[in-house]
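In: predicted model and sequence below, questions to follow.
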Amino acid sequence: MIPENQNNRIADIYRRLFACFGPQHWWPGDTPFEVMVGAILTQSAAWRNVETAIASLKQAGALSPKALREIELARLGRLIHSSGYYNAKAKKLKALAEWLGKYGDDLDKAFAGDPSEKRRELLGIYGIGPETADSILLYAARKPLFVIDAYARRIAERIGIAPQSDSYEAYQRLFASNLAPKARLYNEYHALLVKLGKDVCRKKPLCPECCLREVCAYGLENS
DNA sequence: ACCCAGGTGGCCC
DNA sequence: GGGCCACATGGG
């Protein structure tokens, strides 16, 4: 089912990335609920700005499902101002908190059941799309759902292994079908792709001595 | 001054 | 099913 030979480029890239950078210890966050909040706040935003917003929520005692349900929308927007799209994201956080309320704010209950079924349920929540749903299921619930983000797409394109379709699901299949379905592996792989994308390629595009040279060069327009 | 960062929903065709 | 646009801050 899963190619274990050297032709498995997906698995090979993972081995190289891990050998180069080691474990990334994702997702940054003290609790599963904080991970869920971070997954929404980081939508098209720099993580630095999300950290500031989460710190504000903590400071205000608003980092719990109950508090998010009760807080005034405008005040919530002010607290998460630094993460950008703050009006939209305030509504999204409330939608998330309302959903958790159906499970008595018990994350174990909320995440119980078939992961792909749970994924469809999350996609029904306002503000949760494919990447946020998978981030929540992988990093907060430890379910083996591979997360596709802009980095995963660009890196796959750059090394010439992009799927025919540009759809989220096509990219997800590309990675998942070449890996054992382990949450620990998916966790580390996605984090390493982000590490490669933002901390390495932009600073050292050619990486001449690196075993990841072909992977790191993805951002070059005319390489 | 511009460009982008760990996307998503609402339209439109 | 795809293409476009609004949503918005902060750092390079």
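Out: Nice, I can see it.
In: residue A:138 and DNA strand B, how far apart?
Out: From residue A:138 over to DNA strand B the distance is 9 Å, taken as Cβ to the nearest atom of the strand, to the nearest Å. C-beta here means a position set from N, CA and C on the backbone, and glycine is covered the same way.
In: in chain A, what residue lies closest to DNA strand B?
Out: Proximity of chain A to DNA strand B (Cβ to the nearest atom of the strand) peaks at residue A:129, 2.5 Å away.
In: now name the helix or strand holding the residue nearest the centre of chain A.
Out: Residue closest to the average C-alpha location in chain A (Cα atoms, centre = their mean): residue A:135, at 4.1 Å. For residue A:135, the element it lies in under DSSP states H and E is helix A:130-135.
In: in the following helix or strand past that helix, what's buried?
Out: For helix A:130-135, the following helix or strand on the C-terminal side (DSSP H and E) is helix A:150-158. For helix A:150-158, the neighbour count (16 or more other Cβ atoms under 10 Å) marks A:151, A:152, A:153, A:154, A:155, A:156, A:158 as buried.
In: swap in stretch A:109-116?
Out: Across stretch A:109-116, burial judged by 16+ other Cβ under 10 Å covers A:110, A:111, A:115.
In: got a list of what the last one touches?
Out: With contacts defined as Cβ atoms under 8 Å, 6 or more residues apart in numbering, the neighbours of residue A:115 are A:137, A:141, A:143, A:144, A:145.
In: now do residue A:76
Out: Residue A:76 is in contact with A:62, A:68, A:90, A:93, A:94, counting by Cβ under 8 Å, 6+ apart.
In: again, but for residue A:24
Out: A:188, A:191, A:192, A:194, A:195.
In: near DNA strand B, list only the ones from these.
Out: Among the contacts of residue A:24, the ones lying near DNA strand B by Cβ under 7 Å from any atom of the strand are residue A:194.
In: can I get the contacts of residue A:24 in TSV with neighbour count?
Out: Formatted as TSV, the contacts of residue A:24 follow (neighbours: other Cβ atoms under 10 Å):
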residue	neighbour count
A:188	20
A:191	20
A:192	22
A:194	19
A:195	18
